[in-house]
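J.: need a structure here:
(chains A and B)
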Amino acid sequence: MKFGLALLLATMLLHPVALDARVIHSESSLYQNILVTQNGALRCMQFTIRKDQRNQSCIDSSHPQRLVFVYTRMMLAALLLNPSPTRILIVGLGGGTLPTSLAQLFPDAYIDVVELDPAVLKVARAYFDFEPSANMRVFEQDARVWVKRAAAMPTRYDLIMLDAFNGEYIPEHLMTREYLLETRELLVDGGVLASNTFAISQLYHNESVTYAEVFGTYYNLRSPDSANRVIIARRGPLFDPDTLARAALPLIRSLEPYGVPIESYPIQLATKPDWDTKARVLTDQYSPANLLKGRR
Amino acid sequence: MRRTTINSLAFVGGFVIMALELLGGRVLAPFFGSSIYVWGSIITVFMLSLALGYLLGGFISVHNPSLKRLSLLFLLGAILTYPLVFYGEPLMRLVFDRIEDPRYGSLVAAAVLFVLPTLVLGMISPYCVRLMVTETNRSGHVAGTLYFVSTLGSALGTLATSFYLVLWFEINTILILLTSCLVAFAAIGYLSGRHE
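T.: Purely as a prediction, here's the structure:
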């Protein structure tokens, strides 16, 4: 073990530039091939083995708390609208970085996580140090089914994070107006929803108008460093820029270890549509999502 | 002429069956997800319904087979497919509220929605065989050609639905198109069989 560590350190010293990622574990589940790659201190989870493979989730063992992806940090901009969530729902586990960070930030909050693929949970535990906290429940179920069932239960959430992806994109039945309406029902008044989506295809326009139809005006958070776009919506009116800027101040210190530049988000939260507002809304009746994704 | 009509009817039957099966996945997803067991349920229900349809179609082809009667099967198929547009959702809600396990929930829902139309559409192929066979020694040839035509229809129905129809239309619109197609071919069959 020590020798291995010494060897690793030696290799890293000899190769100051990033080492090539190597696959340290692969597992085929019912839904996808899960690959775990290691690149220096960086360990990532991938769902496909194609050339344009995209990392689903990464951890950096030299800075274990730091959120590696720009989009994961952007998701935490939701805290500007709700700085102390008490009941959190996370749809899509991946390597578990979001649930882990939120459990550390808010140890008293109850967190429910919904993940379709049992193999993802297994890999997250074995390779990404994911361990559900005492207040955390992980449900192995299709999110659409789970959300429909949850609507009949009394539990409501003040923070919901949508981050369900398969090897391709968000599954079609998790993008429709009906799904978003069902999810919105799970929010308390004033509850906040953050959703991770892509901003690089025709689908950007369709998803944008679909969220607008369900939530009205929302904050659109884009970054020049990321192909992702994070939608931050509130069940209730949005805040003015000054309120957001003030909300950032007390968060700066607690979010610092995670690498979240929370103070820079308030001015980036846009409410003006930069999409084609005449795009077709995605519904259970019309959701050819993966076909639209191929269109630029 | 009569042969062409019967072949086209077999083709359309195959087309509609697979278009319907593919839509089934989309129809069930909002209630039961799109996990592997949902597709398992749909395929099981379609296979069982087709099996029963083949049996029943062969059985009724024994008594006074005619093109007119075959076209009635198309009409019946249309009558059983059309209600999915209105009753699909409430029926799924009913099943969803009563069966907790999404595997059996999706199986029961798929059965409730698709057994009847698929069973009737499954009756078409063996009935067509009966109408085309005149001599025993050519029966294999006739059956082979009909399988070819109807399976080609199925392949095209799958492709058209998954590549294009879902991109252009809502699911209900596609269901109405399929129903209209069945009605149109019922009329074609009836008209070309009226002098028999």
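J.: B:Val120 contacts B:Leu52, correct?
T.: No: taking contacts as CB atoms under 8 Å, B:Val120 lies outside contact range of B:Leu52: 10.1 Å. In this view, the C-beta of every residue, glycine as well, is placed from N, C-alpha and C.
J.: The two: which has the busier surroundings?
T.: B:Val120 (25 against 15; other CB atoms under 10 Å in any protein chain shown).
J.: tell me the pLDDT at the closest residue to A:Ala270 other than its chain neighbours?
T.: Nearest-residue entry for A:Ala270: A:Asn220, 4.7 Å, with adjacent residues in sequence omitted and distances by CB to CB, 6 or more residues apart in numbering or on different chains. For A:Asn220, the model assigns a pLDDT of 96.
J.: Check the stretch 101-250 of chain A for the residue nearest chain B and tell me.
T.: Among residues of the stretch 101-250 of chain A, the one nearest chain B by CB to the nearest CB turns out to be A:Asp142. It sits 2.8 Å away.
J.: Contacts only, for that residue.
T.: Residues in contact with A:Asp142 (CB atoms under 8 Å, 6 or more residues apart in numbering or on different chains) are A:Leu116, B:Phe32, B:Gly33, B:Ser34, B:Ser35, B:Pro102.
J.: for A:Lys148, same thing?
T.: Applying CB under 8 Å, 6+ apart to A:Lys148 gives the contacts A:Glu182, B:Pro30, B:Phe31, B:Phe96.
J.: Can I get the helix or strand it falls within in CSV, CA atoms only?
T.: Of the helices and strands defined by DSSP states H and E, A:Lys148 is found in helix A:143-151. Taking Å, rounded to 0.1, in the frame of the first residue of the first chain, the C-alpha atoms of helix A:143-151 are listed here in CSV:
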residue,chain,number,x,y,z
ALA,A,143,-37.7,8.6,-11.1
ARG,A,144,-41.0,9.1,-13.0
VAL,A,145,-42.6,6.2,-11.1
TRP,A,146,-41.1,7.4,-7.8
VAL,A,147,-42.3,11.0,-8.3
LYS,A,148,-45.8,9.9,-9.2
ARG,A,149,-46.0,7.7,-6.0
ALA,A,150,-44.5,10.5,-3.9
ALA,A,151,-47.2,12.9,-5.0
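J.: Give me the next element, helix or strand, following that helix.
T.: By DSSP H and E, the next helix or strand past helix A:143-151 is strand A:157-162.
J.: Centre of the chain to that following strand, how far?
T.: 11 Å (CA atoms, centre = their mean, to the nearest Å).
J.: now stretch B:21-36
T.: Distance, centroid of stretch B:21-36 to centroid of chain: 17 Å (CA atoms, centre = their mean).
J.: and what of stretch B:162-177?
T.: Centre to centre, stretch against its chain (CA atoms, centre = their mean), the figure for stretch B:162-177 is 16 Å.
J.: Give the buried residues for that stretch.
T.: Within stretch B:162-177, the residues that qualify as buried are B:Ser162, B:Leu165, B:Val166, B:Phe169, B:Ile171, B:Asn172, B:Ile174, B:Leu175, B:Ile176, counting by 16 or more other CB atoms under 10 Å in any protein chain shown.
J.: and what of stretch B:128-135?
T.: Neighbour counts over stretch B:128-135 (16+ other CB under 10 Å) mark B:Cys128, B:Val129, B:Arg130, B:Leu131, B:Met132, B:Val133 as buried.
J.: Show residues contacting the helix or strand hosting the third one.
T.: What that stands for is B:Arg130. Element membership of B:Arg130, judged by DSSP H and E, is helix B:124-132. With contact meaning CB under 8 Å, 6+ apart, helix B:124-132 is reached by B:3, B:6-7, B:9-10, B:13-14, B:53-54, B:57-58, B:60-62, B:65-67, B:69-70, B:73-74, B:77, B:139, B:142-143, B:145-147, B:150.
J.: Kindly recompute the last result at 6 Å.
T.: The contact list for helix B:124-132, computed with CB atoms under 6 Å, 6 or more residues apart in numbering or on different chains, reads B:6, B:10, B:13, B:54, B:57-58, B:61, B:65, B:70, B:73, B:142-143, B:146, B:150.
J.: In a helix, A:Arg137, correct?
T.: No: membership of A:Arg137 in a helix is not supported by DSSP: H, G, I helix; E, B strand; the rest coil, which gives strand.
J.: quick one, what contacts it?
T.: Shown in contact with A:Arg137 (CB under 6 Å, 6+ apart): A:Asp112.
J.: So it versus A:Arg184, what's the distance?
T.: 21 Å (CB to CB, to the nearest Å).
J.: and the residue of the stretch 101-250 of chain A closest to chain B, how far is that from B:Val38?
T.: Applying CB to CB to A:Asp142 and B:Val38 gives a distance of 8 Å.
J.: same check, this time on B:Val166
T.: B:Val166 is 17 Å from B:Val38, by CB to CB.
J.: coming back round to it: could I get the buried residues of stretch B:162-177 in a markdown table, plus columns for secondary structure, distance to A:Thr97 and pLDDT?
T.: Listed next are the buried residues of stretch B:162-177 as a markdown table, based on DSSP: H, G, I helix; E, B strand; the rest coil; distance: CB to CB, whole Å; pLDDT from 0 to 100:
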| residue | secondary structure | distance to A:Thr97 | pLDDT |
| --- | --- | --- | --- |
| B:Ser162 | helix | 35 | 91 |
| B:Leu165 | helix | 39 | 94 |
| B:Val166 | helix | 34 | 92 |
| B:Phe169 | coil | 40 | 95 |
| B:Ile171 | helix | 36 | 96 |
| B:Asn172 | helix | 40 | 96 |
| B:Ile174 | helix | 40 | 97 |
| B:Leu175 | helix | 42 | 97 |
| B:Ile176 | helix | 46 | 97 |
